[in-house]
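Peer 1: 3D, please:
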Amino acid sequence: MIVPELPSFLASLGGGEHKGLIIALFTVTALISRPFSGKIADRLGRKPVIMFGSLVCFVCSLLYPMMTTVFGFLFLRLVHGFSTGFTPTGQTAFLGDIIPAERRGEAMGLLGTAGTLGMAGGPALGGWISSSISLDAMFYCSSVFAVVSSLIVLSIRETVQERHPVSFRLLRIEKKDLFEPRVIAPCLVMGLCAYAYGNLFTIMPDFGAQMGIVNKGLLFTYFTVASFLIRLVAGRASDRIGRVKVLRISTALMTLSMIWVAVADTKLMLIIGASLYGLAQGATSPTLLAWAADLSDPEHKGRGVASLYIFMEFGIGLGAFLSGLIYADRVPMIMTTFLISSALSGVAFLYLLWVRRSVVEPRLAMP
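Peer 2: Presented below is the predicted three-dimensional model:
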């Protein structure tokens with residue numbers, strides 16, 4: 001809801017040259033918090049981790065209207081990253097607990113579909129509220145949604161049976177808590193592909209404005225609708241034909257979609273490019289989540305999922321920061337940013353062609 005409006009909000013505070021930090025700072029905190037959220041999810045439970053992320057989202061959305069300086073805004077973006085650092089880790093580990101392995105891809109696709117429904121309507125709704133009522137009203141509406149999500153989480157049953165008592169020891173991170181070696185393959189693919197996501201969310205609002213698209217959120221709506229349409233199909237396909245086969249197709253499409261966006265010179269071309277990327281990202285994300293859950297030690301599923309999200313946040317943050325640095329409000333450099341994204345997605349595709357499926361993909365029992 002709020003992401004498409006944040007670049008212009010930051011510019012109104014006098015920080016237009018720092019647009020690349022809008023996503024980058026958010027992902028830095030999310031990345032740093034992943035080892036903590038993974039450990040807490042395994043030791044304390046999935047529900048507390050999900051709830052903490054929702055609480056952060058609620059508080060930060062309330063505070064945005066009070067920000068009057070560039071430093072204050074950027075600091076709040078840093079804090080806001082805790083929401084993404086905690087909630088998705090708990091959600092994914094929770095699903096991994098309650099869904100059998102042979103339907104895990106479908107389940108991750110359903111989780112992604114639910115999130116995509118919000119992401120499809122959020123940007124357009126945020127743009128409408130901002131232009132019709134006020135920017136502050138948009139932030140307050142976002143806060144309300146965070147409260148509703150927290151109420152829903154209260155109704156679910158905790159899946160962690162042996163819970164440790166709350167103590168500061170849970171915040172002590174050891175080397176083994178930082179990364180789960182079993183999930184290295186999906187992590188590498190995630191990091192390479194997530195760069196394009198950070199690039200898109202940083203540059204697309206300005207690119208759309210250059211093409212004469214007034215409601216910048218509509219481009220994200222096209223992207224998320226395409227992502228919504230493919231998620232369940234891709235998740236089920238990965239259950240039947242394997243995670244690696246689906247990822248080879250999706251990363252190839254991601255590579256081509258970034259080239260398409262790079263050369264777009266009309267509104268229609270930009271919309272098609274965003275939609276193609278939505279299809280690619282919508283197929284890649286749930287498949288990688290299911291793959292990581294497959295490979296994780298059952299007792300440390302939170303750590304395995306957190307490891308995947310660490311690579312995702314690193315890729316998104318790097319993509320946002322470098323794209324903003326390369327672009328620097330220079331329109332001719334937009335093409336360069338998306339060609340770099342295409343090259344990295346292409347590396348992920350080549351890695352998936354090279355990797356031995358028998359080593360990195362456990363055989364699932366077919367229904």
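Peer 1: Every contact and neighbour count from this point should use C-alpha atoms.
Peer 2: OK.
Peer 1: got a list of what residue 136 touches?
Peer 2: Residues counted as contacts of residue 136 (Cα atoms under 8 Å, 6 or more residues apart in numbering) are 64-65, 130.
Peer 1: From the residues you listed, which one has the minimum pLDDT?
Peer 2: Minimum pLDDT for those is recorded at residue 130 (87).
Peer 1: For stretch 260-273, measure first residue to last.
Peer 2: 6 Å (Cα to Cα, to the nearest Å).
Peer 1: Show me where the protein dips below the pLDDT cut-off.
Peer 2: 120, 163-178, 214-217, 298-299, 356-367 (pLDDT under 70).
Peer 1: just the helices in the protein please.
Peer 2: Along the chain, counting by DSSP state H, helices occupy 6-12, 20-43, 46-63, 70-98, 104-132, 135-153, 175-178, 184-210, 217-241, 243-263, 267-295, 301-327, 334-354, 357-360.
Peer 1: Tabulate these (CSV), appending distance to residue 161.
Peer 2: Below are the helices of the chain laid out as CSV (distance: least, Cα to Cα, whole Å):
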stretch, distance to residue 161
helix 6-12, 41
helix 20-43, 9
helix 46-63, 11
helix 70-98, 11
helix 104-132, 21
helix 135-153, 17
helix 175-178, 20
helix 184-210, 27
helix 217-241, 27
helix 243-263, 29
helix 267-295, 19
helix 301-327, 14
helix 334-354, 36
helix 357-360, 29
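Peer 1: Buried residues, stretch 98-110. List them.
Peer 2: For stretch 98-110, burial by neighbour count (16 or more other Cα atoms under 10 Å) applies to 101-110.
Peer 1: need the contact list for the nearest residue to residue 24 once chain neighbours are set aside.
Peer 2: Distances taken as Cα to Cα, 6 or more residues apart in numbering place residue 317 nearest to residue 24, at 4.1 Å, with adjacent residues excluded. With contacts defined as Cα under 8 Å, 6+ apart, residue 317 is in contact with 23-28, 195, 198.
Peer 1: gap between the residue nearest to residue 261 when sequence neighbours are not counted and residue 141?
Peer 2: Excluding its sequence neighbours, the residue lying closest to residue 261 (Cα to Cα, 6+ apart) is residue 273, at 4.9 Å. Distance check for residue 273 against residue 141: by Cα to Cα, it reads 30 Å.
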